[in-house]
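Asker: Make a model of this:
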Amino acid sequence: MSGESDDLGIVLFSEILMLEQLVSTALGRALPRGMELSHFSVLNHLANTGGEKTPAQLARIFHLTKGAMTNTLRKLEWAGWVHIRPDWDDARRKLVAISPAGRAARDAAVAALGPLVADAAASVGGAQVRATLPVLRALRQKLAQADTADQA
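Answerer: Residues are numbered from 1 along each chain as shown. Okay, here's the model as predicted:
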């Protein structure tokens with residue numbers, strides 16, 4: 001029975017990996033010029049959560065190294081899409097917030113991605129998408145939990 005379960009897991013993860021590649025490519029083509037998928041992800045998170053985050057918090061949220069997040073934040077700051085300032089309470093830390101230009105860039109990206117995402121979801125069907133979301137969410141949470149445990 002374990003062999004069948006292992007095969008099912010491999011098939012599932014193979015589909016997810018292929019889907020991730022296709023989604024990344026399609027979204028990358030639809031994003032406004034100069035915006036990468038990693039930029040959109042950070043801008044979208046900051047726009048949805050509001051307030052400020054430290055680079056370390058963002059790295060944890062996106063399961064990235066601090067160096068990778070610092071690189072992304074530098075590019076976002078250079079584009080004028082985020083503001084990075086010292087933490088007045090703890091000079092060792094910095095705080096990141098989305099700028100008005102970053103919000104506009106994120107909104108433009110959402111507008112560009114909207115039809116692509118809506119068309120893909122509609123072609124599969126709303127009922128199937130709704131049925132799939134809890135499974136994907138559970139897998140994401142399980143993998144995030146394992147990643148957090150590995151980092152501890």
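Asker: can you pull the buried residues of the helix or strand harbouring A131?
Answerer: Using DSSP states H and E, A131 maps to helix 126-151. Across helix 126-151, burial judged by 16 or more other Cβ atoms under 10 Å covers no residue at all. Glycine gets a C-beta too; all of them are placed from N, C-alpha and C.
Asker: Repeat that for stretch 24-40.
Answerer: Neighbour-count burial for stretch 24-40, counted by 16+ other Cβ under 10 Å, picks out 27, 30-31, 35, 38-40.
Asker: JSON lines please, covering the residues you listed and showing distance to L143, pLDDT and secondary structure.
Answerer: As requested, the buried residues of stretch 24-40 are exported to JSON lines (distance: Cβ to Cβ, whole Å; pLDDT from 0 to 100; DSSP: H, G, I helix; E, B strand; the rest coil):
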{"residue": "L27", "distance to L143": "21", "pLDDT": "88", "secondary structure": "helix"}
{"residue": "A30", "distance to L143": "26", "pLDDT": "87", "secondary structure": "helix"}
{"residue": "L31", "distance to L143": "25", "pLDDT": "89", "secondary structure": "coil"}
{"residue": "M35", "distance to L143": "26", "pLDDT": "93", "secondary structure": "coil"}
{"residue": "S38", "distance to L143": "19", "pLDDT": "94", "secondary structure": "helix"}
{"residue": "H39", "distance to L143": "23", "pLDDT": "96", "secondary structure": "helix"}
{"residue": "F40", "distance to L143": "21", "pLDDT": "96", "secondary structure": "helix"}
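Asker: Just give me the closest of the residues you listed to L136.
Answerer: L27 (16.5 Å; Cβ to Cβ).
Asker: In this structure that closest one contacts L116, no?
Answerer: Yes - shown here, L27 and L116 form a contact pair, counting by Cβ atoms under 8 Å, at 7.3 Å.
Asker: hey, what's in contact with both of these two?
Answerer: Common contacts of L27 and L116, defined by Cβ atoms under 8 Å, 6 or more residues apart in numbering, are absent altogether.
Asker: ranges for the strands of the chain?
Answerer: Taking DSSP state E to define them, one finds strands in the chain at 82-87, 90-98.
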